[in-house]
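Student: Make a model of this:
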Amino acid sequence: MNYTYKVLKSDIELFAAALSQVRVYVVQPLGEDLIDIVDYGGLIEKYTPESIKINGSYFFRKQFEFRVDVKGPTRL
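Tutor: Below you'll find the predicted structure:
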């Protein structure tokens, strides 16, 4: 199964995710095609140019990716 997701990068994308209250999960890229899922998701509580607060924890924007599912699992 594969999941389709969107990486949130801009302030407007983060604002839209916070406003629509979608589940955002936090991923740390480790290298080519390798990731570590740091937090399995929650609502954006706050964001600044440097960090994003999800589930009471702060994550640096330069260190992590913030993803939302755009549709459920698909089979290929």
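Student: Now do the same contact list for residue 17.
Tutor: By CB atoms under 8 Å, 6 or more residues apart in numbering, the contact set of residue 17 is 8, 24, 44, 66, 68. (Glycine included, C-beta is placed from N, CA and C.)
Student: Pick out the most distant pair among those.
Tutor: Maximum pairwise distance among the contacts of residue 17 (CB to CB): 9.9 Å, between 44 and 68.
Student: for the protein, what spans make up the helices?
Tutor: Assigned by DSSP state H, the helices in the chain fall at 11-20.
Student: In the chain, which residue is most central in space?
Tutor: Nearest to the mean C-alpha position of the chain, counting by CA atoms, centre = their mean, stands residue 66 at 2.1 Å.
Student: Give me the contacts around the helix or strand of the chain with the lowest mean pLDDT.
Tutor: For the chain, counting by mean pLDDT, DSSP states H and E, strand 65-74 ranks last in confidence among helices and strands (a mean of 80). By CB under 8 Å, 6+ apart, the surrounding residues in contact with strand 65-74 are 1-8, 14, 17, 22-29, 35, 52, 54, 59.
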